[in-house]
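Participant: Prediction below, plus the sequence it came from.
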Amino acid sequence: MAHLFNRNVLLGVSGGIAAYKSAEVVRQLQELGADVRVIMTRGAREFITPLTLQALSGKPVHTELLDEDAEQGMGHIELARWADLLLLAPATADLMARLAAGRADDLLTTVALATPAPILLAPAMNQQMWRDPATITNAETLVQRGIKLVGPAEGQQACGDVGPGRMEQPEVICAAAAGLFQSGKLAGKRVVITAGPTREALDPVRYISNHSSGKMGYALAEAAVAAGARTTLVSGPVNLDVPEHVHCLKVESASDMLDACLPLLPDCDIFIACAAVADYRPAEVQPDKIKKGAEEINLRLVRNPDIVSAVAASEYRPFTVGFAAETRDLLTYARDKMRRKGLDMIVANDVSRQGIGFNSEDNEVTILSHHAEQALPRASKTTLAGQIIDAVASAAVRDTDAGLS
Ligand code: C5P
């Protein structure tokens, strides 16, 4: 089944009686996983209120081209760039004529000209208007330009006529929209990824941490999105931009990270622990800044919770993947770690080697599961992330099919 996960769908509604069905179109696009924004023409607003579509889409509805406030929020060019698909439903004879003529006389037609996204159009009009040579020519022109049509359907019309011109049913339109995109190996799966270091506070201004950059975890999140997954990053403090379509929870300490991860598990299919979690934290966090004075001070550290082990032991246990950074006997230690932590898969890398692993651009890893071993040659973290997600997706689907997870 095709999905629209991680896709931005801009729905353009024009002024026909079928506009009342656009509420259902919004709902069904969202059910398929899309982020939806709506543009309404003036005519559309005679049939259904912007408030209805705003409430359903959860975003302000765009109506005017020359509106200073709206342009300051998300302007028409930004909106055109935001869209992965422009869906026009219903598309009246007038809208089709204006599009065919290349007009830009309202927000919707302007965005249609300005968007690089594919356009899918669901015509809706009286059967005689649909059969009129002017409309036929306009439809042919639009199809020649690469615009896809879904419908119209035939049958009883609101005006009492019978014939072609009814807007297709919302489920047919939304399936056609989803069918324009490749689904990806993780379409609709929910993936949680931990990334970056943790910070363990000593006092209000100092902490213990490590050099993890978070690059591998963020690259994995981007690759998971590209594979169609609904992706959440639980990230320690890093200097990286959150990839598009990724929901990011920022945390500081290992305990924060555990607290952020556990509630996500009932809605998680795959958990990837990529964070460099501090193994120990100060036994006590001083309420005030520790003063310089004594020649020697002792720091008492206590063990942090092991997040990935807790996830693997949880009643909601997702397909669980860990990372192992070792300086010797890489595969032996990694296999042992996979067993001890109850993981399905572990990604092993040798951190004693120059130029790979911690805080560098490249990496070279071996993926171990209970059934297989796959060595991936040195490559950028982005390339490796795609390969790791591919391997995780294959193994997770295989295990699910076998009823193992
Ligand atoms: O035990 P070690 O730190 O070598 O294990 C590494 C793996 O375990 C990584 O996947 C890391 O994200 C995860 N881990 C964790 N919580 C910890 C320590 C490590 O989730 N407290």
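Facilitator: Perfect, thanks for sending it.
Participant: Go through the chain and flag its longest helix.
Facilitator: Ranked by residue count, the top helix of the chain under DSSP state H comes out as helix 381-401.
Participant: Would you mark the buried spots in the helix or strand hosting T109?
Facilitator: Assigning secondary structure by DSSP states H and E places T109 in helix 107-114. The neighbour-count check on helix 107-114 (16 or more other Cβ atoms under 10 Å) flags 107-112, 114 as buried. Where you see a C-beta, it was placed from the backbone N, CA and C, and this is true even at glycine.
Participant: chain center to that helix, what's the gap?
Facilitator: In terms of Cα atoms, centre = their mean, to the nearest Å, the centre of helix 107-114 is found 25 Å from the chain centre.
Participant: Output the contacting helices and strands for it.
Facilitator: Packing partners of helix 107-114 (3 or more Cβ pairs under 8 Å, 6 or more residues apart in numbering; DSSP states H and E): strand 8-13, strand 35-40, helix 76-82, strand 85-91, helix 93-100.
Participant: Now the residue in the stretch 51-200 of the chain that the ligand sits nearest to: which helix or strand?
Facilitator: Closest approach between the stretch 51-200 of the chain and the ligand, counting by Cβ to the nearest ligand atom: T194, at 5.7 Å. Assigned by DSSP H and E, T194 belongs to strand 190-195.
Participant: any idea of the mean pLDDT for that strand?
Facilitator: Averaging pLDDT along strand 190-195 yields 97.
Participant: Just checking: what are the partner strands of that strand?
Facilitator: Strand 190-195 has its sheet partners listed here by DSSP bridges as strand 230-235 (parallel), strand 270-273 (parallel).
Participant: helices or strands up against the helix or strand that the last one is followed by?
Facilitator: Tracing the chain C-terminally past strand 270-273 and defining elements by DSSP H and E, one meets strand 280-282 next. For strand 280-282, the elements it packs on are strand 200-201, strand 207-208, strand 301-303, judged by 3+ Cβ pairs under 8 Å, 6+ apart.
Participant: what's the most buried one of those strands?
Facilitator: strand 200-201 (a mean of 20; mean count of other Cβ atoms under 10 Å).
Participant: okay, now T135: neighbour count?
Facilitator: Close neighbours of T135, defined as other Cβ atoms under 10 Å, add up to 21.
Participant: next one: A273
Facilitator: Neighbours of A273 (other Cβ under 10 Å): 28.
Participant: Am I right that it is in contact with P318?
Facilitator: No. Proximity of A273 to P318 does not meet the contact threshold set by Cβ atoms under 8 Å, at 11.0 Å.
Participant: joint contacts of those two?
Facilitator: V311 (Cβ atoms under 8 Å, 6 or more residues apart in numbering).
Participant: can you tell me which helix or strand the residue nearest to V365 when sequence neighbours are not counted belongs to?
Facilitator: Leaving aside its sequence neighbours, V365 sits nearest to N349 (Cβ to Cβ, 6 or more residues apart in numbering; 4.6 Å). Using DSSP H and E, N349 sits in strand 345-350.
Participant: That strand and the ligand in contact?
Facilitator: No. Judged by Cβ under 6 Å from any ligand atom, strand 345-350 stays clear of the ligand, getting no closer than 7.5 Å.
Participant: Can you tell me the strand partners of that strand and which way each runs?
Facilitator: strand 319-326 (parallel), strand 362-369 (antiparallel).
Participant: Against P197, how distant is S253?
Facilitator: S253 is 10 Å from P197, where distance means Cβ to Cβ, to the nearest Å.
Participant: Bridged to R166, which residues?
Facilitator: A153.
Participant: give the contact list for it.
Facilitator: 18, 124, 151-157.
Participant: same check, this time on L87
Facilitator: Contacts of L87 (Cβ under 8 Å, 6+ apart): 9-12, 25, 29, 119-122, 173, 177.
Participant: Cool, thanks, signing off.
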